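Peer 1: Here is a sequence together with a model predicted from it:
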Amino acid sequence: MINIRSLSHVYEKGRKIKFPDWQIEDMDQWLLLGASGCGKSTLLNIISGLLKPTQGEILINDTDLYTLSARSTDRFRGRHIGIIFQRPHLIRSLNVLDNLELAAVMAGVPIDHERNLLLLKDLGIGNLAKRYPDELSQGQLQRVSVARALVNKPDLLIADEPTSSLDDENAAQVIEMLTTQAKDNGAALIIATHDQRVREHIAKTYLL
């Protein structure tokens, strides 16, 4: 499903990172492990079509991501990749349901109102559909972020340091939520982290 080949990136100050080749099959679940500053976020941004690598290729369902135009890349990302950032990045003037449905509009796919409500319900926040981001707790915001990442039925779900500020109990709950939702929605999963607690939950590891 995803092939990463001969990939490297050179930063503005001249530092170069070479990434080992990586093949991710449908519905695989992987940890992207490494210390802070090792290049995890860079690699996630490259896979997501947000940062063009200096060299190499990213194939997602046989599409070479960096041969697309900027607009086509945005559409492709919206339809095939769901991203859960460290911070929610929700639009504060829109309620929870509208934030989900905006993701469909931006990707150019039909809005599935009933599915979106079901997603919120499955994540335990069905009663928050008409609430606004400023009215939610951090845990609730994180669940909304997961729902938004899943709204367009992506092939790949990416989470960047989802447990970095959580205690052991809440970290375990978040990992369970991500792995279960990825499986139920037929998506592959990459979790980037330096949190060693996550290793017991996912067997496959890509180490930087």
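Peer 2: Done, it's in.

Peer 1: which residues sit against whichever strand in the chain runs longest?
Peer 2: Ranked by residue count under DSSP state E, the longest strand found in the chain is strand 2-10. Here strand 2-10 makes contact (Cβ atoms under 8 Å, 6 or more residues apart in numbering) with 16-19, 21-24, 39, 42-43, 46-47, 51, 53-60, 156, 188. Using the backbone N, CA and C atoms, a C-beta is placed for each residue, glycine as well.

Peer 1: so where's the protein shaky on pLDDT?
Peer 2: In the prediction, the chain carries no residues with pLDDT under 70.

Peer 1: Could you pull out the buried residues of the top helix by length along it?
Peer 2: Counting residues, the longest helix found in the chain (DSSP state H) is helix 168-184. By 16 or more other Cβ atoms under 10 Å, the buried positions in helix 168-184 come out as Ala171, Ala172, Val174, Ile175, Met177, Leu178, Thr179, Gln181, Ala182.

Peer 1: show me what contacts Lys204?
Peer 2: With contact set as Cβ under 8 Å, 6+ apart, Lys204 has these partners: Asp28, Gln29, Trp30, Leu31.

Peer 1: For Ala159, name its beta-bridge partners.
Peer 2: In this entry, Ala159 is beta-bridged to Ile84, Ile191, by DSSP bridges.

Peer 1: From Gln142, how far out is it?
Peer 2: For Ala159, the distance to Gln142 (Cβ to Cβ, to the nearest Å) stands at 10 Å.

Peer 1: so what sits against both of these two?
Peer 2: Common contacts of Ala159 and Gln142 (Cβ under 8 Å, 6+ apart): Ile84.

Peer 1: ok, those two, which is more surrounded?
Peer 2: More neighbours surround Ala159 than the other of Ala159 and Gln142, with 28 against 25 (other Cβ atoms under 10 Å).

Peer 1: Now do the strands in the protein.
Peer 2: 2-10, 16-19, 22-24, 29-33, 55-60, 63-64, 81-84, 156-160, 188-193, 204-207.

Peer 1: List the buried residues of the third one.
Peer 2: By that I understand strand 22-24. Buried residues in strand 22-24, counted by 16+ other Cβ under 10 Å: Trp22, Ile24.

Peer 1: What of the second one?
Peer 2: When neighbours are counted by 16+ other Cβ under 10 Å, the buried residues of strand 16-19 are found to be Ile17, Phe19.

Peer 1: Alright, that wraps it up for me.
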